[in-house]
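Visitor: This is a predicted model, with the sequence first.
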Amino acid sequence: MSTAPDDPILTQSLESWFTTNARDLPWRTKARDPYRSLVSELMLQQTQVSRVIEKFEPFLGRFPTVQALAKAPEDDVLAAWAGLGYYRRARLLHACAKAIVEHHGGVVPNSLDELLELPGIGRYTAGAIASMVFHQRAPIVDGNVIRVLLRVHNQPIPQTDKATIAWAWERSAKLVHTCEDPAIFNESMMELGATVCVPKGPKCLQCPISDQCGALAAGTTESIPIPKPRAKQKHLYCASLVIRDGDSIYLEQRPSKGMWAGMYQLPTLERDDRAHDPNELMASGIDNPKHIESFTHITTHRIVEFAIYRAGAQSQTPENWTKHPISTLDSLAISNAQVKAMRIAGILGS
């Protein structure tokens, strides 16, 4: 079989399939709302759909309009984002809302070029908003789209190579100009990659374009695309301190840049060579540290080893340590790792 599909048949098949097989997701309204779509697109980057579903409506309940998000303090935005990870996206969404209010009268622009000028809006997100909300023939390319295209064309090449990505954008642009409805077609490509043409164990018998797939014909679906090398992960060792004062607890806020930027956490000592020794903690001024439990938290680039210690109140506390009533912790921006640490310490419920 040729690895060159029939583009009109491919786009028609995908659009027809999507209209009857699309998942019912809260941002997939019949008339797409630009602001809701903007929020969903930022949330969905590198985050599972199930997690986004949990956070989407509560976030919009707290910030129902672009104006409400633009006026909100950053700490409130980060707190509402807690649990989604990659908090830089929350800051970019916040900055994007401010720019929309300042430069576009609070209305999400419908021009691809104007969307690309917004903070945090790259080619994919701009194309998604332009096509799905405003029905423009703008292409989109993400990991799901690239995987579908590589399999359709039976291309055993690395998914993340610049040449591969450039080729995928070129193919997507041609397809979106061939299809009937760019909103439906673009979503159908992503939906197919997310639910059928998955990385491992693709469900080829359920695929609406299996007769157009070069990889299926060649028996190479499992080997396409070539997996990218795993990023080398650095180790980080954290000793997190549980220091209570009645019904309050001491927290510190992380720096504005770097991992978990701006998030609140238990006072934490970090090192990259080995775990902390309790005697060393005492020598550094920590009062009577008692080890509770340890756990490992893995991110894309780091393996973080947490050791949780209960410690006595300090006679003098660093300036960046602040007391917070335990009853108010759910209003703060706290990372998933720190939530787990606080649950281990019995501060938060399960």
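Guide: Done, it's in.
Visitor: Would you map the helices across the chain?
Guide: 7-21, 34-44, 49-62, 66-71, 74-81, 88-104, 112-116, 123-132, 143-152, 162-176, 182-195, 214-218, 278-283, 336-344 (DSSP state H).
Visitor: for stretch 147-158, what is the average pLDDT?
Guide: Stretch 147-158 shows a mean pLDDT of 95.
Visitor: let me redo that: stretch 227-234
Guide: 80.
Visitor: please begin residue numbering at 50 from this point
Guide: Okay, using 50 as the starting number, the last item reads as stretch 276-283.
Visitor: For it, which outside residues touch it?
Guide: 207-209, 321, 347-352 (C-beta atoms under 8 Å, 6 or more residues apart in numbering). (Glycine included, C-beta is placed from N, CA and C.)
Visitor: Export these as JSON lines, with columns for neighbour count.
Guide: Shown next, in JSON lines, are these (neighbours: other C-beta atoms under 10 Å):
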{"residue": "207", "neighbour count": "16"}
{"residue": "208", "neighbour count": "19"}
{"residue": "209", "neighbour count": "14"}
{"residue": "321", "neighbour count": "9"}
{"residue": "347", "neighbour count": "10"}
{"residue": "348", "neighbour count": "16"}
{"residue": "349", "neighbour count": "10"}
{"residue": "350", "neighbour count": "11"}
{"residue": "351", "neighbour count": "15"}
{"residue": "352", "neighbour count": "13"}
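Visitor: Could you point out which of the helices of the chain sits nearest residue 289?
Guide: helix 385-393 (5.0 Å; C-beta to C-beta).
Visitor: chain center to that closest one, what's the gap?
Guide: Relative to its chain's centre, helix 385-393 lies at 20 Å (C-alpha atoms, centre = their mean, to the nearest Å).
Visitor: Packing partners of it?
Guide: strand 283-291, strand 339-347, strand 351-359 (3 or more C-beta pairs under 8 Å, 6 or more residues apart in numbering; DSSP states H and E).
Visitor: repeat that with 6 Å
Guide: strand 351-359 (3 or more C-beta pairs under 6 Å, 6 or more residues apart in numbering; DSSP states H and E).
Visitor: can you give me the angle the strand it packs on makes with strand 339-347?
Guide: Strand 351-359 and strand 339-347 are oriented at 160 degrees to each other (axes from the mean of the first three to the mean of the last three C-alpha atoms, to 10 degrees).
Visitor: Quickly run through the sheet partners of strand 351-359, with directions.
Guide: If you go by DSSP bridges, strand 351-359 pairs up with strand 283-291 (parallel), strand 339-347 (antiparallel).
Visitor: Of those, flag the one that's most buried.
Guide: strand 283-291 (a mean of 20; mean count of other C-beta atoms under 10 Å).
Visitor: possible to save the helices of the chain as CSV with mean neighbour count and distance to residue 255?
Guide: Listed next are those as CSV, based on neighbours: other C-beta atoms under 10 Å; distance: least, C-beta to C-beta, whole Å:
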stretch, mean neighbour count, distance to residue 255
helix 56-70, 17, 9
helix 83-93, 22, 22
helix 98-111, 15, 18
helix 115-120, 18, 38
helix 123-130, 19, 34
helix 137-153, 19, 32
helix 161-165, 17, 33
helix 172-181, 23, 23
helix 192-201, 23, 14
helix 211-225, 17, 21
helix 231-244, 23, 9
helix 263-267, 19, 12
helix 327-332, 13, 55
helix 385-393, 19, 33
